[in-house]
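Q: sharing a model that was predicted from the sequence below.
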Amino acid sequence: MKHFACGDIIPGCDATFTAADDDGILVQTRAHAVDAHGMPAPGTDSDALVLPAIRTA
Ligand SMILES: [Zn+2]
């Protein structure tokens, strides 16, 4: 499983995401980036930040 903690790149955010693969994480983090962090939809600008911080659990 893949795991991502938003707090690793956005200090103070305690949202975490788990999925079977990177794409499953990105689907969730794109929506989270838009809803929680005010990033322009569809939030794909966050991919470059999220991908290096995804951990394999
Ligand atoms: Zn967050």
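A: Yes, it's here.

Q: all contacts plus neighbour counts: C-alpha atoms, from now on.
A: Will do.

Q: after whatever helix or strand residue 48 lives in, which helix or strand is next?
A: Secondary structure assignment for residue 48, by DSSP states H and E: helix 47-50. Using DSSP H and E, the helix or strand that follows helix 47-50 towards the C-terminus is strand 55-56.

Q: in its sheet, which strands sit next to that following strand, and in what direction?
A: strand 2-5 (antiparallel) (DSSP bridges).

Q: now the closest residue in space to residue 1 that isn't next to it in sequence: how far from residue 26?
A: Once flanking residues are discounted, residue 1 sits nearest to residue 20: 4.7 Å by CA to CA, 6 or more residues apart in numbering. Relative to residue 26, residue 20 is positioned 11 Å away (CA to CA, to the nearest Å).

Q: and the longest helix that the chain contains, what does it pack against?
A: Counting residues, the longest helix found in the chain (DSSP state H) is helix 22-37. Counting contacts by 3 or more CA pairs under 8 Å, 6 or more residues apart in numbering; DSSP states H and E, helix 22-37 packs against strand 2-5, strand 16-19, helix 47-50.

Q: name the stretch among those that sits most buried.
A: Mean neighbour count (mean count of other CA atoms under 10 Å) peaks for strand 2-5 among the helices and strands packed on helix 22-37, with a mean of 19.

Q: I'd like the average pLDDT over that strand.
A: On average, the pLDDT along strand 2-5 is 98.

Q: next one: that strand to chain centre, how far?
A: Distance of strand 2-5 from its chain centroid, counting by CA atoms, centre = their mean, to the nearest Å, is 8 Å.

Q: contact partners of it?
A: With contact meaning CA atoms under 8 Å, 6 or more residues apart in numbering, strand 2-5 is reached by 14-22, 25, 50, 53-57.

Q: show me which of those residues neighbour the ion.
A: Counting by CA under 5 Å from the ion, nothing from the contacts of strand 2-5 sits close to the ion.

Q: many thanks, we can stop here.
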